[in-house]
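Chemist: Sequence below, structure please.
(chains A and B, ligands or ions: 2)
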Amino acid sequence: MTPQDRKDLFKRGAIWAFILVELAFFSIVGDAISVSDKAFMNVDNMLLLLKQSAPIGIIALGMTIIMINGNIDLSVGATFALAAIVLLDSMTWPFMQSLGNWAIPLAWVFALLTGVALGAINGLIVWKTGVDAFIVTLASMLGFRGLVFMYNGEQPTSHLNWTLVDFAEAQFLGLHTATWFLLGTVLILWLVMTKTVHGRNAYAIGNNREAAVNAGIRVGPHFLLNFMLIGFLAALSAVVFYSESGSVNPNDGMLYELWAITAVVLGGTKLAGGYGSIISTLGGVIAIQLLRKGLGHIGADTQTVNLVIGLILIAVLILDRQLNRKGQEELKI
Amino acid sequence: MSDQTPVLRLEGIVKTFPGVRALDGVSFSVLPGEVHALMGENGAGKSTLMKVLGGIHAPNEGQIFIAEEPTVMTSPMQAKAKGVVFIHQELSLADELSVAENIFLGELPLKGLGRVDWAKLYADTDAILQTLNVGFDARTRVGDLSIANQQMVEIGRALTVDPRAVIFDEPTASLTDAEKVVLFEVIADLQSRGVGIVYISHRMEEIFKITDRISVLRDGQYRGTLNTAETDEDEVTQLMIGRSLDLSRNESHHQMGDIALEVRGLGCGSLFQDVSFAVRKGEVLGFYGLVGAGRTEIAETIFGLRTPSAGQILLDGQEVHISSPIDALRLGISLVPEDRKSQGLVLSMNCRDNMTLPQVDDLTAGPFVSDGAEVAIFDQYRDKLDIRTPGWRQIVGNLSGGNQQKIVIGKWLSMRPEVLIVDEPTRGIDVGSKSEIHNLIRDLAAQGFAVIVISSEMPEVLHVSDRIVAMHSGRVMREFTSDEVTEDNLIQAISGITEKIA
Ligand SMILES: Nc1ncnc2c1ncn2[C@@H]1O[C@H](COP(=O)(O)OP(=O)(O)OP(=O)(O)O)[C@@H](O)[C@H]1O
Ligand SMILES: [Mg+2]
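Modeler: Ligands and ions are numbered 1, 2, ... in the order given. So this is what the prediction gives:
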């Protein structure tokens, strides 16, 4: 094992170690101040936690790919809301109602296609104009959100389909449907990023775009594909979440982009691109959800939770820098 | 040879950038199995010509022929598909990725469903690394390699396809002698397979050793082609810069002052140990050794970039503690780093701002940086170093490689340091400017500065130094005065053959 391997292993393990620390901390502190008579680390609680991680988790996984590629996508929250509206509203369309339960997969397809289309818009603009993804998706975030409001004003869009709710609440091998979607996405994206040419080229582009261009990699199509992928995942996240809840408010999904980015960064992916891992992002997602739940468990309110997450994020980044510097034979900066 | 069809031919190529006519009707051709040198001063347009050929720049006018077939090169990918492989002057690698992925960047082997065939990738890469005879494997992260090894990775890229023509743009700038030998073997092998080679370099010895013909560019214009066997360095230099140069050894002996900088028993972990030397005011001390001998690390330690694990540094006889470059600069020590791109320049900033970067604090008028003072400094060093740029507003990233290096040197010279350390000062610099930089170094010494020159080029060390320290794997092997040094005993010393003689 080379020192580099050891460093890599350490970096990848760090987020999981952090999760263990959180678990221990909340269990012990929860016991000590006994605000709740329930144990923190019980199985149901943990299964629920995974389920609750799914919506942002699925988006964060897509964001990992976008960021490895050297871009960013701020429009995912709005895409999420728009896909949710398409999902719920399409089931009320007359021809859909005549289809019985077949309307469900069709509604899913509509929602997912919406996500892919919105992602494609972002991707094409970034590719064809060369404008920075931050700016492009900032604009489309506002634009997509505008569409959400145009759809139904300030009113929520609702439609409850009990077959769908049953499906969403089902548990298979103990895990909820949403958790399966999350884990399935992890597996597929991990394969894409580590095993396919597209994934490896995404790393190369994010790491050194000029080198990639010089090597004859067509950067634009890779961008487009990744934006379509994250659009799809934002819609998938909506499908998973709204199948159960059945009602979408026009403000739903706001700030999801920032939570997703937080989870990705916590998982060690570089904001500048070229380095990152799908599995670590899953760790980042779980770590944040644990923090929220755990702080709730010991009686903290939402504001405190946000403050703590912010502080931890900064602490993690400082630590990460420190560790990276050690590796370089102590060349000071 | 002349009855063969050229593997590639360029005809009347014109390429302009805003404010620069980089190529002005250049024609050039390469025959199969030939090594064709492309020479010219910094900024003459060599890299630009090759970028036109490689599909990176579209020419304003002119035609490209591949095997006498008119071709429009639209992208690097297309050039590669046509069998034209380009080894870039500036390293063009993704440092978070493995060696294998970099070598096969853009052409990873597939095995269905878009999956990477890792087994094949690593096997193919290891085969290439075998021919290159390097000491790292396919899985190594490129960011963990030395610059020389990264250069070898870059060279490895030429070996992935069956090329028609390979362009080497200053491939040896950071290679050791042993690595150069390997490179020349690779070139000879390509040559024997009928591949046409374009070889860009500023090093005359290499050019005369391996090339068949030499074409010369000057200010974007084609100046002629010579048969290597029928010409000599002087003729090529004449063609390149319009005059001859004196590249003899340093014989000047001016008055030297007190010891300016002394180092006693300095060590830094495993990088180097027990290094002692002193440099006087008015003296040029050369550090010669193979890449990796620890010379750069010594310089970085003196400049406060590394923390020494043992030893003392004395300045004017006083022990000093330098814990950061800020300390070093305050004490009058400047370092011109070896890798200009990553250590010396802000590529996206203009020429003037790069040059005045370390001293903008001192150039203020009230709360604002004084434009006039900055421009004055820039103008002074542009003239002194003959930096070719349309003006100070030019972005440094757009300058030719050699002119970038001059900006870095100008930057530290303008600080007027007492002790100036220059690490590989003329890497990638043309013969004309090289001798100017050498003269500049000698001048600085004559004015009473203490100068330390680190170089891997023997003629350079011999030419500029008053004394030479020979290093081998982190240790000082021997110190020579310019009277006792010969090429032979210097080579012996740095290869670790001789016992340490005090
Ligand atoms: N992208 C660009 N934009 C503007 N000017 C450029 C650009 N690329 C090159 N130039 C200019 O074109 C001229 C030729 O540059 P080029 O890099 O071809 O020189 P070179 O012969 O390779 O020099 P060196 O030996 O220093 O590498 C220079 O004056 C340079 O400043
Ligand atoms: Mg060049």
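Chemist: Quick check: residues of chain B near chain A?
Modeler: Proximity of chain B to chain A (CB under 8 Å from any CB of the partner chain) is limited to residues B:56, B:75-80, B:86, B:88, B:92-97, B:101-102, B:105-108, B:110, B:113-116, B:118, B:140-141, B:144, B:157, B:269, B:271, B:300, B:304-307, B:324. Quick note: C-beta positions are derived from backbone N, CA and C, even for glycine.
Chemist: So which of those sit within strands?
Modeler: Using DSSP state E, B:Phe86 are the members of the residues of chain B next to chain A that sit in strands.
Chemist: which of the residues of chain B next to chain A are buried?
Modeler: B:56, B:75-77, B:79-80, B:86, B:88, B:92-97, B:101-102, B:105-108, B:115-116, B:118, B:140-141, B:144, B:157, B:271, B:300, B:304-306 (16 or more other CB atoms under 10 Å in any protein chain shown).
Chemist: Show me what the worst-scoring helix or strand of chain B on mean pLDDT pairs with in its sheet, parallel or antiparallel.
Modeler: Taking mean pLDDT, DSSP states H and E as the measure, the helix or strand of chain B with the lowest value is strand B:364-365, at a mean of 75. The sheet places strand B:364-365 alongside strand B:368-369 (antiparallel), with pairing taken from DSSP bridges.
Chemist: after the strand it pairs with, next one along is what?
Modeler: For strand B:368-369, the following helix or strand on the C-terminal side (DSSP states H and E) is helix B:371-385.
Chemist: Now that next one: buried residues?
Modeler: In terms of neighbour count (16+ other CB under 10 Å), helix B:371-385 has its buried residues at B:373-374, B:377-378, B:381-382, B:384-385.
Chemist: show me what contacts residue 136?
Modeler: No chain was given, so I picked chain A. For A:Val136, the contact set (CB atoms under 8 Å, 6 or more residues apart in numbering or on different chains) comprises A:122, A:125-126, A:129.
Chemist: Chain B is the one I meant
Modeler: Residues in contact with B:Phe136 (CB under 8 Å, 6+ apart) are B:99, B:129, B:145, B:149.
Chemist: Mind doing that once more with 7 Å?
Modeler: By CB atoms under 7 Å, 6 or more residues apart in numbering or on different chains, the contact list for B:Phe136 reads B:99, B:145, B:149.
Chemist: helix, strand or coil for A:Gln155?
Modeler: coil (DSSP: H, G, I helix; E, B strand; the rest coil).
Chemist: That one - nearest residue in space that isn't next to it in sequence?
Modeler: Using CB to CB, 6 or more residues apart in numbering or on different chains and skipping residues adjacent in sequence, the residue nearest A:Gln155 is A:Pro250, 7.7 Å away.
Chemist: For A:Ile68, the count of nearby residues, please.
Modeler: Applying other CB atoms under 10 Å in any protein chain shown, we find 28 residues neighbouring A:Ile68.
Chemist: That one contacts A:Ser277, doesn't it?
Modeler: No - checked against CB atoms under 7 Å, the pair A:Ile68 and A:Ser277 is beyond contact range at 8.6 Å.
Chemist: for chain B, what are the nearby residues on the stretch 101-250 of chain A?
Modeler: Along the stretch 101-250 of chain A, the residues adjacent to chain B under the rule CB under 7 Å from any CB of the partner chain are A:195-198, A:200, A:203-204, A:207-208, A:210-217.
Chemist: how far away is the spatially most central residue of chain A from chain B?
Modeler: The centroid of chain A falls nearest to A:Ala60 when counting by CA atoms, centre = their mean (1.8 Å). For A:Ala60, the distance to chain B (CB to the nearest CB, to the nearest Å) stands at 21 Å.
Chemist: Report the contact partners of that residue.
Modeler: For A:Ala60, the contact set (CB under 7 Å, 6+ apart) comprises A:260, A:263-264, A:281, A:284-285.
Chemist: returning to what we had before: dihedrals phi and psi, the residue nearest to A:Gln155?
Modeler: Note on A:Pro250: backbone dihedrals following degrees, to the nearest 10 are phi -60, psi -20.
Chemist: Let me know the secondary structure of A:Thr269.
Modeler: coil.
Chemist: Give me the distance between stretch A:17-31 and the centre of its chain.
Modeler: Remark: stretch A:17-31 is offset 24 Å from the chain centroid, using CA atoms, centre = their mean, to the nearest Å.
Chemist: How about stretch B:156-169?
Modeler: Taking mean C-alpha positions (CA atoms, centre = their mean), stretch B:156-169 and its chain are 20 Å apart.
Chemist: Tell me if that stretch is near ligand 1.
Modeler: No - no part of stretch B:156-169 sits near ligand 1 under the criterion CB under 6 Å from any ligand atom; the closest distance found is 7.2 Å.
Chemist: got the domain boundaries for chain B?
Modeler: Domain segmentation of chain B under automatic domain parsing yields B:8-241, B:245-332+B:419-502, B:341-416.
Chemist: closest to ligand 2 out of those?
Modeler: Nearest of the domains of chain B to ligand 2, taken as CB to the ion: domain B:8-241 at 3.1 Å.
Chemist: what about that closest one, how long is it end to end?
Modeler: One end of domain B:8-241 sits 27 Å from the other (CA to CA, to the nearest Å).
Chemist: closest point of the stretch 101-250 of chain A to ligand 2, which residue?
Modeler: Closest point on the stretch 101-250 of chain A to ligand 2, by CB to the ion, is A:Asn214, at 14.4 Å.
Chemist: Could you list which of the contacts of A:Ala60 also contact ligand 1?
Modeler: The overlap between the contacts of A:Ala60 and the neighbours of ligand 1 (CB under 6 Å from any ligand atom) is empty.
Chemist: Is it possible to mark the buried ones in those residues?
Modeler: For these, buried by 16+ other CB under 10 Å: A:260, A:263-264, A:281, A:284-285.
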